[in-house]
Structures are given as structure tokens and as C-alpha cells.
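Asker: Sharing a model prediction with you, sequence too.
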Amino acid sequence: MNDAATRERLDIANSFFLDATDLLTRYRLTTKYFSGIKSRRVKLFIDLRLAYECIVKAHLAYFDEESSDRKSLIRKVESFRHDVGKLLGHIIPCLSEHLVQRGQLLNKKLSLLPISLRYEAKNDHYYATIGKDSWMEGFAEFVRVLIDQMDKKLQSHSRIVGGDELWEAVIHEGHNKYLPPRDTV
């Protein structure tokens with residue numbers, strides 16, 4: 001893989017890593033205020049679930065060797081949508097056996113807890129998962145372990161950047177999936 005493709009892959013992995021870190025931080029900061037009311041507790045769960053999804057997508061982007069460019073890697077990551085089971089299956093070779101087992105057990109529980117859970121009148125799995133402090137903390141700890149692992153991987157690529165290179169990065173026209181290409185505006 002060439003240097004430009006590697007930089008793109010690292011940039012995408014870093015973006016998902018930062019999203020996961022932000023979501024886990026928000027979970028940690030709001031837990032004591034939100035854990036007493038069921039609808040708020042479900043929101044805490046959604047933050048954790050999205051943090052998990054983002055960190056698994058960061059791993060997928062980091063370890064991807066097949067995508068030829070930024071757009072194809074983004075399409076590949078987005079093609080999984082919110083299916084963390086499929087995502088985990090694609091990064092199993094990159095994780096320890098212990099993390100794979102924890103992830104697979106977690107995914108079994110998550111498959112019973114749709115994001116739309118807060119709109120359901122009753123969910124039999126709520127009290128054994130989202131409604132249980134130890135389960136939520138175990139989930140948060142698992143996400144933190146994956147974040148720490150990715151942080152170490154990304155740090156290994158960190159370096160001091162010179163002024164010319166920094167300026168080039170600032171003026172470089174990067175991919176933004178939300179904006180149309182400049183020639184169509």
C-alpha cells in the first residue's frame with residue numbers, strides 16, 4: 001500500500017477513533033445524571049453502542065489492506081451500517097482471543113437491544129442489560145479496551161510535522177461525504 005493510501009486509511013481510522021472517544025467520554029460524564037430514569041438510561045446505552053460501533057469501524061479502517069482509495073474505504077465501512085456483528089467478524093484477526101470472545105458475547109446481547117428500544121413499551125432484556133449497572137460498566141470497559149488498543153496503534157504513526165507539510169494539509173482538498181464535489185457547485 002502506498003504512503004498516500006496509508007495516510008488516508010489512518011485518517012479515516014482516526015476519525016472513527018475520535019468519535020468513539022467522544023461518545024465514551026459523554027457516557028462517563030453523564031452517567032451519574034442519567035442512570036436513574038429509564039429513558040435517559042437508554043440514551044446512555046445508545047452513546048455506548050455508537051462508541052462501540054465507531055471503535056470497531058476504526059479497527060476496520062486501520063487494518064484494511066484491500067481498499068484502493070479513501071472513497072472505497074469509506075463505502076466499505078459505511079456498507080456495514082450499524083451491524084456490529086458483521087463488523088466484529090471482519091476484525092477478528094486483529095483482536096486477541098479474549099477480546100473476540102467478549103465481543104461475540106456482547107453482540108449476542110446487543111442483537112436483542114435495538115436502537116429503537118426506548119420507544120418500545122416493554123423489552124424483556126432491558127433489566128438484564130441496560131437496566132443493570134454492572135452490565136453497562138462492563139460494556140463501557142470493553143469499549144475502553146478497544147479504544148486503548150486503537151490509540152496505541154495510531155500513536156505508532158504519530159510524528160512531528162513541519163510547517164510546509166502542515167500548510168499543505170490545511171489547503172489540501174479532502175473528501176467530505178456531506179459536500180458535493182467542487183466542480184458541481
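Answerer: Cool, the structure landed.
Asker: contacts, neighbours, all on C-alpha from now
Answerer: Fine.
Asker: so what's the most centrally placed residue in the chain up against?
Answerer: With distances taken as C-alpha atoms, centre = their mean, Cys54 lies nearest the centre of the chain, 1.0 Å away. Residues counted as contacts of Cys54 (C-alpha atoms under 8 Å, 6 or more residues apart in numbering) are 16-17, 19-20.
Asker: Tabulate those (CSV), appending distance to Leu88, neighbour count and pLDDT.
Answerer: Supplementary listing: those in CSV, determined by distance: C-alpha to C-alpha, whole Å; neighbours: other C-alpha atoms under 10 Å; pLDDT from 0 to 100:
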residue, distance to Leu88, neighbour count, pLDDT
Phe16, 15, 22, 93
Phe17, 15, 27, 94
Asp19, 18, 18, 95
Ala20, 15, 28, 96
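Asker: Just give me the closest of the residues you listed to Ala128.
Answerer: Comparing the contacts of Cys54 against Ala128 with C-alpha to C-alpha places Ala20 closest, at 24.3 Å.
Asker: quick one: secondary structure of the residue nearest to that closest one when sequence neighbours are not counted?
Answerer: Closest residue to Ala20 apart from its sequence neighbours, by C-alpha to C-alpha, 6 or more residues apart in numbering: Ala51 at 4.1 Å. Look at Ala51: counting by DSSP: H, G, I helix; E, B strand; the rest coil, its state is helix.
Asker: Run through the residues that contact Ala51.
Answerer: Contacts of Ala51 by C-alpha under 8 Å, 6+ apart are 19-24, 143.
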